[in-house]
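Colleague: What would the 3D arrangement of this be:
(chains A, B, C and D)
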2 protein chains.
Amino acid sequence: MVSVTENTEQKIIDAACKVFIQKGMDGARMQEIADEADINKALLHYYFRSKSKLFDRVFVEIFSDIVKLLGEEINHSTEIIELIERMVNNYIHLIRERPFVPDFVLHELNRHPQLIVQQIHQYGMDFSKFQLLIDEGVLNNKIHYIQPVHLIVNVLSMCIFPFVAKPIIMGFMLNGDEAKYNQFIDERAGHVVSFIKSSLLINNPE
Amino acid sequence: MVSVTENTEQKIIDAACKVFIQKGMDGARMQEIADEADINKALLHYYFRSKSKLFDRVFVEIFSDIVKLLGEEINHSTEIIELIERMVNNYIHLIRERPFVPDFVLHELNRHPQLIVQQIHQYGMDFSKFQLLIDEGVLNNKIHYIQPVHLIVNVLSMCIFPFVAKPIIMGFMLNGDEAKYNQFIDERAGHVVSFIKSSLLINNPE
DNA sequence: GTCTATAACCGGATAGAC
DNA sequence: GTCTATCCGGTTATAGAC
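Modeller: Just a heads-up that it's a prediction; the model follows:
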C-alpha cells in the first residue's frame, strides 16, 4: 500500500484506498479518487469498469492485510498468554498507523455481507489453535477455562473499539483533549494485556 | 421512537431514524424516507429544510437515547461491581433490540466530529462517580485499582463490539451459523460480567 | 399542510480523439 | 493508455396548485 514510482493501476488502488477508507463506499467520489491519483476520471473506468468493482478490489486489499496478521499471530505462538500479548500489541500498533481502517471495514461489512464470503474461503482462519492453547493452559493449571470465541472477541473488542469510538472517548471522557487521548492509547496495550491476564491467570501475580 | 397515531413531524422522524440507521447519511435517500413515512417527498423539505438538517435532528434523537441510559446507570449505582453489572446487562439488552445503531453512531461520529459538540454540553456526563466507586472499592480491599477511562472503555468495548463485528464473528469464528451467533450473544452479558469481575476482584470467588 | 410537477445539480459512465 | 467532452440517470430541492 506504500510505493513511490508505480504504475497507473497501483496509483489508482492507493488513491482509492485512501478515499474509500475516509469516505466509505457511498461517500466516496470517483472524481476525488482520480484527483488523488493525479489522473483523469475516465481512466478509472478504463482500469476498473465501475465504482463498485474498484471498491471490491480495494476492500479485499485492505481486509486481507488485517486477516493475514491475525493468522500469523496464531501460528507463531505456543502459549495462550503469549498469543494474547502478541495480538494485542500488534493490533494496537497496526491500527494506530491506520486509525480509520476499523470503522471502514466494520461499516462496509455490515452493509455488504457478501463481501465476507470470498474472504472466508481465501483465509480459512484456523481457530482450533486457540482451543488447543486454552486447553493446554487449563490442563497445566495456569488459567481459568474460557470459551475461545469469547476470548477472541474480548481481545479484539478492547483493541479495536478504542479507535472506532475515539470521538466518544475524547469528547465525553477526556474533555476533548487530544493529548489525553494519545496518552490513553499509549497506555492501552499494556492495560489490556494486564487486564486480561488478571482475569485469566489462576495465581494472579500482578 | 415508537408511536402509532402521530403527527406528521414525528412520522418523518421515525421514518428517517429507520432509514438513516440502515443506510447511513450518504446511503439514505429522501425518497425512501418519504415512502417509509407514507408521505410525499416535498413534505420532508417543508418540515426540515434539507437532508442534512433532518439528519442532524435524527442523530441527536438517537444518540441522546443511548447517552441518557448510561447516565442513569451511573446515578442509580452505589457500588462499582453493581454499576458494571447494570451497564453490561442494560447495554447488551438495549443493543440487541437495535443491532444497527452502534455502527451508525460510531460511523457518523467519526465522519462528522461536529455532531458531538452539542451533545457533550447537553449531557455533561459525570464520570467522577466512576472514580468515586473505584476508589471506594480499592479502599475496602475489594478490587484492584483501575483507571476509570480504561474500565469504562473495556465495558463498552466488550458490550458493543460483538454487535458491530457480527459479520466477522459469524463468518470467521462460527461457520456462518446465525444460531450459534445468537447463542453467543445470549451468553455474552454473563460472560462479560464474570470476565471483568475475575479481573477486578481481589479475592476471586468464581 | 399536502400534493404534483419540475428545476437544478451532481456523479457515474461512455464516446471518441490523440 | 490517457485525455476532453458529454451523456444520462438519479437525487436534492423548489414552485405552485389545492
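Colleague: mind giving me the domain split of chain A?
Modeller: For chain A, the domain assignment from automatic domain parsing gives the residue ranges A:1-49, A:56-200.
Colleague: most packed of those?
Modeller: Of those, the one with the most neighbours on average (mean count of other Cβ atoms under 10 Å in any protein chain shown) is domain A:56-200, at a mean of 18. The way it works is simple: take the backbone N, C-alpha and C, and place the C-beta from them, glycine included.
Colleague: What is the end-to-end distance of it?
Modeller: In domain A:56-200, first residue to last residue: 40 Å (Cα to Cα, to the nearest Å).
Colleague: other SSEs contacting the helix ranked longest in chain A?
Modeller: Across chain A, the helix with the greatest residue count (assigned by DSSP state H) is helix A:51-76. With contacts taken as 3 or more Cβ pairs under 8 Å, 6 or more residues apart in numbering or on different chains; DSSP states H and E, helix A:51-76 sits against helix A:8-27, helix A:80-97, helix A:101-111, helix A:114-122, helix A:128-139.
Colleague: I'd like the domains of chain A as JSON lines, with mean pLDDT appended.
Modeller: Below are the domains of chain A laid out as JSON lines (pLDDT from 0 to 100):
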{"stretch": "domain A:1-49", "mean pLDDT": "92"}
{"stretch": "domain A:56-200", "mean pLDDT": "93"}
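Colleague: Redo the ones you listed as a markdown table? Include distance to DNA strand D.
Modeller: Output for the domains of chain A, formatted as a markdown table (distance: least, Cβ to the nearest atom of the strand, whole Å):
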| stretch | distance to DNA strand D |
| --- | --- |
| domain A:1-49 | 3 |
| domain A:56-200 | 15 |
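Colleague: Out of these, flag the one nearest DNA strand C.
Modeller: Across the domains of chain A, DNA strand C has its closest neighbour in domain A:1-49 (3.3 Å, Cβ to the nearest atom of the strand).
Colleague: when you scan that closest one, is anything in it near chain B?
Modeller: Yes. Shown here: domain A:1-49 in contact with chain B (Cβ under 8 Å from any Cβ of the partner chain) through A:23-24, A:26-27.
Colleague: Equivalent analysis for stretch A:184-199, please.
Modeller: Yes. With Cβ under 8 Å from any Cβ as the measure, stretch A:184-199 is seen reaching chain B through A:184, A:187-188, A:191-192, A:195-196, A:198-199.
Colleague: Mind listing residues that contact that stretch?
Modeller: A:81, A:84-85, A:88-89, A:92-93, A:96, A:144, A:154-155, A:158-159, A:162-163, A:169, A:174, A:204, A:206, B:144, B:146-147, B:149-150, B:154, B:195-196, B:198-200 (Cβ atoms under 8 Å, 6 or more residues apart in numbering or on different chains).
Colleague: Could you tell me the end-to-end distance of stretch A:135-155?
Modeller: Using Cα to Cα, the two ends of stretch A:135-155 sit 18 Å apart.
Colleague: In the residues of stretch A:184-199 next to chain B, find the pair that's most separated.
Modeller: Farthest pair in the residues of stretch A:184-199 next to chain B (Cβ to Cβ) is A:Phe184 and A:Ser199. Separation: 20.5 Å.
Colleague: Can you list the neighbours in contact with stretch A:103-115?
Modeller: Contacts of stretch A:103-115 with the rest of the structure, by Cβ under 8 Å, 6+ apart, involve A:20-21, A:24-25, A:56, A:59, A:62-63, A:66, A:116, A:163-164, B:23-24, B:27, B:100, B:103, B:106-107, B:110, B:164-168.
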